[in-house]
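Student: Any chance you could fold what I've pasted below:
(one chain, ligands or ions: 1)
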Amino acid sequence: MSAGEQDLVPTGQYANPGGRRGTRPRPATAAGDVDTLAGMPPTTLLLAAPRGFCAGVDRAVLIVEKALEAYGAPVYVRHEIVHNTHVVESLRREGAVFVEDETEVPEGAVIVFSAHGSPPEAFANSKRLGHTLIDATCPLVTKVHHEARRYARDRMDIVMIGHEGHQEVIGTMGQAPRSIRLVETPEDVDALDYGADANVAYITQTTLSMDETSAVVDRLRQRFPLLHQPKNDDICYATQNRQDAVKDLTSQCDVILVVGSQTSSNSKRLVEVSRDRGTPAYLIDSADDIDPAWVDGADTVGLTSGASAPEVLVEGVIEWFRAQGLQKVRTVTVVDEDVEFAMPSVLARRLQQSG
Ligand code: SF4
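Tutor: Numbering: from 1, shown residues only. I've put the predicted structure just below:
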């Protein structure tokens, strides 16, 4: 059941329910410039809340904007600051230069490390090159880094549950590369060559699906009865809340659309959560990606967005449906969020000095 529901939301007044602010990209699709449905439009569009920007993404985007303000362009950013094409393009237009490796950045330049976290050697390289380094790693990812280092100091074998190649996984495994093994599935756990009495601890990527992770943790417990686990779950509040909101929508919707980029782990998990409950779901970068066939014949459509997707893109999707003749838009809220993270001290000081 929903914790709360609000009635019709007037056009143009969609607060960002998962964060304090949006970013500036314009809606990708204007009403009147859309593919049309063959049949009747859906009667109702249900908006999940919370959705969109989490506190870590909000902070990371703000860090780049404030760094541009305080130091001037160019400000280099190691990796996409958050996994959203529109956010990255918008910051690029403001003067951010995205690189995959800190060693590509000129000596003495200003560099921001992305919200996903970076391995220690990236920090060492930046220091050697005399960069002004501003670390936008989400504090909840930093917490997992601390756990990894602590387990490694205690000489434990660490199992990280996560997706190979994801930037957060690279950053976390880099904290203790000789002690951490990556698993994605229960079968990967079976393949670990530790003995049953091994001193094993696990950590997880922050943006996984709860259901998928619990199957892997169950298998770890079966194999390693002495398994150590983090005091608090590593899957972050924003991931959990957005998944709970989608679960809530699945019982009320014929189909769910998730606004987010293909590179966004938490957005892809939202699609999976819906499909696992039998409700078709599709990931779209913006309204431009909607295939009318997905929603043709649907009475109620659900709409949410990943933690790195700006609200303006959700508004674009709402406009798309209005252009088709949609009548009702309703927000379904499962929980209110009020999490905020402070600016890194190096940037806060600089902003203070520049008045
Ligand atoms: S999804 Fe969670 S861990 Fe990732 S940036 Fe947002 S708050 Fe931080």
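Student: What is the burial count for the residue in the stretch 251-355 of the chain that the ligand sits nearest to?
Tutor: In the stretch 251-355 of the chain, no residue comes nearer to the ligand than Ala307, which is 4.2 Å away by C-beta to the nearest ligand atom. To be clear about C-beta, it is placed using only N, CA and C from the backbone, and glycine gets the same treatment. When neighbours are counted by other C-beta atoms under 10 Å, Ala307 registers 33.
Student: Touching, it and Ala55? I think so.
Tutor: No. With contact defined as C-beta atoms under 8 Å, Ala307 does not reach Ala55; the gap is 9.2 Å.
Student: Overlap in contacts, those two.
Tutor: Counting by C-beta atoms under 8 Å, 6 or more residues apart in numbering, the common neighbours of Ala307 and Ala55 are Ala238.
Student: The stretch 201-350 of the chain: helices as residue ranges?
Tutor: Secondary structure of the stretch 201-350 of the chain (DSSP state H, counting those that start in this stretch): helices located at 210-223, 237-250, 265-276, 292-295, 311-324, 345-353.
Student: picking up where we left off before, next, the contact list for the residue of the stretch 251-355 of the chain closest to the ligand, please.
Tutor: 18, 52-54, 56-57, 207, 238-239, 242, 264, 266-267.
Student: sorry, back to before: including distance to the ligand, mean neighbour count and mean pLDDT, could the helices of the stretch 201-350 of the chain go into a markdown table?
Tutor: Rendered in a markdown table, the data for the helices of the stretch 201-350 of the chain read as follows (distance: least, C-beta to the nearest ligand atom, whole Å; neighbours: other C-beta atoms under 10 Å; pLDDT from 0 to 100):
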| stretch | distance to the ligand | mean neighbour count | mean pLDDT |
| --- | --- | --- | --- |
| helix 210-223 | 13 | 16 | 93 |
| helix 237-250 | 4 | 23 | 97 |
| helix 265-276 | 5 | 23 | 96 |
| helix 292-295 | 26 | 16 | 96 |
| helix 311-324 | 15 | 22 | 97 |
| helix 345-353 | 17 | 14 | 95 |
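Student: Those residues of this structure touching the ligand, which are they?
Tutor: In this structure, the chain approaches the ligand at residues 54-57, 115, 138, 140-141, 206-207, 236, 238-239, 266, 307, judged by C-beta under 6 Å from any ligand atom.
Student: For ChimeraX, write the selection for the buried entries among those.
Tutor: For the buried members of the residues of the chain next to the ligand, the matching ChimeraX selection, counting by 16 or more other C-beta atoms under 10 Å, is:
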select :54,55,56,57,115,138,140,141,206,207,236,238,239,266,307
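Student: Relative to Ile81, which of the residues of the chain next to the ligand is nearest.
Tutor: Minimum distance to Ile81 across these is 6.4 Å, recorded for Ala115 (C-beta to C-beta).
Student: Which residue comes closest to the closest one once chain neighbours are left out?
Tutor: Excluding the flanking residues, the one nearest Ala115 by C-beta to C-beta, 6 or more residues apart in numbering is Ala60, at 3.8 Å.
Student: Since that was my last question, I'll sign off now.
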